[in-house]
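Engineer: from the sequence below, what's the structure:
(2 chains)
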Amino acid sequence: MQVPEQFRYTESHEWCQVNGNTVRVGITEFAQSQLADLTFVDLPESGASFEAGDEAAVLESVKAAADVYAPVAGKVTALNEALEDSPELINSDPFGEGWLFELEMADASELDKLLDAAAYTAHMPQD
Amino acid sequence: MKARFCRIPGLIAYDQAFSVQQQLHAARVADEIPDTLLLLQHPPVITLGRRGRREHLLVEASRLEAGGIQVVQASRGGDVTYHGPGQWVLYPILKLSRNELGTHGYLHALEEIAIRCAADAGFDAFRREGKAGAWCEQGKFAAIGFQFKRWVSLHGMSLNVHPNLSHFDFINGCGLVGEAVCSFRSVLEEACPEMEEVAQALQGHCEQVLARELELMSPKQLPGL
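Structural biologist: Numbers count the residues shown, from 1 in each chain, chains lettered A, B, ... in the order given. You can find the predicted model right below:
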């Protein structure tokens, strides 16, 4: 299971790609594999503000629905509009073309609370 | 891994069962309890999934409710389905682990449980590509719809043992038009097992397929029941 080194992660399986004061957010390969073929993505409104841990988006596959949480507090500055017609991008390229939204961070120090790739890999449940 | 399995006797209203699920879910997310599976029956109710389209309800909700069939909006994935007496409903509240990965994951596991229950009862069942659930020659006998919140599951699967199949005529089940719904009784007729027997089989297959050692739990220990 892929866990790119350069991203930050949450325990709820979101990833963050930091670019200056904004973060791009998506879900990890673990998350997409559990949802199987996605059929619908309910993205936040552009300009919406979230606290870290708020429900920001909902993903749906044929039989499943799952929430996506804001990894850090911030305001939505960009949405991946390609997902409207092609939600399957999240399945085929979760760390790339399947990104969900971008947030302008309210407090960049919150990034320190996120997991790095090694910590996320260790967090993933393994029995 | 240990988990708890709780069979709730009688008929449990959909809303009440959902409230129990939500309380268990919150406790599971917080690691206060182990994985917990509920097995129960609902009084007649039609539920719409998040993308449930009213057009798949073939009779007006007011008429259904006048006839004793409740209509509710559910937070699970999937379209419209029916629950009622004679149908086991399985609600696993599970924190998923890595060995449940794979491209089919949890959906596949629930289907597998239903297919094995059919085999025990004496008929062949299978998956159909793109049409989730468990199927046999006569049609679909198990419907699946679930939700992950904080990566702990809610909702699950219903398995038709001997429900009133005419109630499915009020809906296009799961939004599938022209697909038949069937039950253990419609397939096996007099050889249909008792609810009790199917419950035992379900419990065993949950244990195997979900790879969790199940410990029986009294419904008296459930929150909000």
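Engineer: show me the strands in chain A, by range?
Structural biologist: For chain A, the strands identified by DSSP state E occupy A:8-9, A:14-19, A:22-27, A:38-42, A:49-50, A:55-61, A:64-69, A:74-79, A:101-105, in order along the chain.
Engineer: looking at the ones you listed, which is closest to residue B:122?
Structural biologist: Closest of the strands of chain A to residue B:122 is strand A:64-69, at 30.8 Å (criterion: CB to CB). Bear in mind the C-beta positions are built from the backbone N, C-alpha and C, glycine included.
Engineer: report the buried residues of the helix or strand of chain B with the lowest mean pLDDT.
Structural biologist: The least trusted helix or strand in chain B, going by mean pLDDT, DSSP states H and E, turns out to be helix B:61-66, with a mean of 91. When neighbours are counted by 16 or more other CB atoms under 10 Å in any protein chain shown, the buried residues of helix B:61-66 are found to be B:61, B:64.
Engineer: rebuild the strands of chain A as JSON lines, extending it with mean neighbour count, mean pLDDT and distance to chain B.
Structural biologist: As requested, the strands of chain A are exported to JSON lines (neighbours: other CB atoms under 10 Å in any protein chain shown; pLDDT from 0 to 100; distance: least, CB to the nearest CB, whole Å):
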{"stretch": "strand A:8-9", "mean neighbour count": "23", "mean pLDDT": "96", "distance to chain B": "13"}
{"stretch": "strand A:14-19", "mean neighbour count": "20", "mean pLDDT": "96", "distance to chain B": "11"}
{"stretch": "strand A:22-27", "mean neighbour count": "23", "mean pLDDT": "97", "distance to chain B": "11"}
{"stretch": "strand A:38-42", "mean neighbour count": "18", "mean pLDDT": "90", "distance to chain B": "6"}
{"stretch": "strand A:49-50", "mean neighbour count": "18", "mean pLDDT": "97", "distance to chain B": "16"}
{"stretch": "strand A:55-61", "mean neighbour count": "21", "mean pLDDT": "92", "distance to chain B": "5"}
{"stretch": "strand A:64-69", "mean neighbour count": "24", "mean pLDDT": "91", "distance to chain B": "4"}
{"stretch": "strand A:74-79", "mean neighbour count": "18", "mean pLDDT": "97", "distance to chain B": "20"}
{"stretch": "strand A:101-105", "mean neighbour count": "21", "mean pLDDT": "97", "distance to chain B": "19"}
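Engineer: contact partners for the most centrally placed residue in chain A?
Structural biologist: Of all residues in chain A, the one closest to the mean position by CA atoms, centre = their mean is residue A:26, 2.5 Å from it. By CB atoms under 8 Å, 6 or more residues apart in numbering or on different chains, residue A:26 lies in contact with A:14-15, A:17, A:90, A:94-95, A:98-100.
Engineer: just give the nearest non-adjacent residue to it, would you?
Structural biologist: On the basis of CB to CB, 6 or more residues apart in numbering or on different chains, the spatially nearest residue to residue A:26 that is not a chain neighbour turns out to be residue A:99, at 4.3 Å.
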